[in-house]
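# starting from these lines, generate the structure:
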Amino acid sequence: LQCLWCYTNNTCIDYPVRSILPPSSLCSLSNARWGVCWINFEALIIAIAVVAGLILVSVAVCCCYCCYCRRRSRSRPDEEEEQLARKREERRLQSLQRKHERKLKHDEIRKKYGLLQDSDNPYSRFENE
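Sure, this is the predicted structure:
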């Protein structure tokens, strides 16, 4: 894979290791092939740039998404706690309302059967028959 094939003069030159890309004095970039004859340097550079760009974009998207999730998860418990507190308060009020309705119903039944003490005189005398 140290061979640099040049299509302009159909020669195989030792790859100039000191430079990353072959100098244009040896062979133009569009006519240079690396190692195997089908790998074009221009296509290779474009492909590497595209892959590197995709990796950078995906890393940036992941970072932004993670930061957004963290920010959202930090603010979310406060909202959830408020919502739970509201629901708890609603349930407590409903429970008190049902308790009051049961008390009224039980008082009506006691009144019907004469078991309700007068609220004016709570200390009435108990009579044995």
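
# please report the distance of C62 from Y68.
With distances taken as CB to CB, to the nearest Å, C62 is found 11 Å from Y68. For glycine as for every other residue, the C-beta is placed from the backbone atoms N, C-alpha and C.

# equivalent analysis for A85, please.
Remark: distance between A85 and Y68 (CB to CB) = 26 Å.

# tell me how many other residues surround Q83.
Neighbour count of Q83, defined by other CB atoms under 10 Å: 10.

# and for R33?
Counted with other CB under 10 Å, the neighbours of R33 add up to 19.

# ditto for V57
Quick note: V57 (other CB under 10 Å) scores 10 neighbours.

# likewise F41?
Burial of F41 is recorded as 18 neighbouring residues (other CB under 10 Å).

# now the strands for the protein?
3-6, 11-14, 32-34 (DSSP state E).

# so which of these comes closest to E80?
With CB to CB, the closest approach to E80 among the strands of the chain belongs to strand 32-34: 58.0 Å.

# and the contacts of that closest one?
Residues outside strand 32-34 that contact it (CB atoms under 8 Å, 6 or more residues apart in numbering) are 1, 3-7, 15, 22, 26, 39-41, 44.

# mind giving me the domain split of the chain?
Using the TED database, the domain ranges for the chain come out as 1-36, 41-113.

# give the buried residues for the shortest one.
Looking back up the chat, that one is domain 1-36. For domain 1-36, a neighbour-count test (16 or more other CB atoms under 10 Å) marks 4-6, 15, 22, 26-27, 32-34 as buried.

# so for N121, what's the pLDDT?
Confidence at N121, expressed as pLDDT, is 57.

# cool, and L1?
We have a pLDDT of 54 for L1.

# ok, now how distant is A60 from S19?
Applying CB to CB, the value for A60 to S19 is 31 Å.

# on that earlier part again, of all the contacts of strand 32-34, which comes closest to L104?
In terms of CB to CB, no member of these lies closer to L104 than L44, at 86.9 Å.

# which parts of this protein are helices?
With DSSP state H as the criterion, the chain has helices at 41-112.
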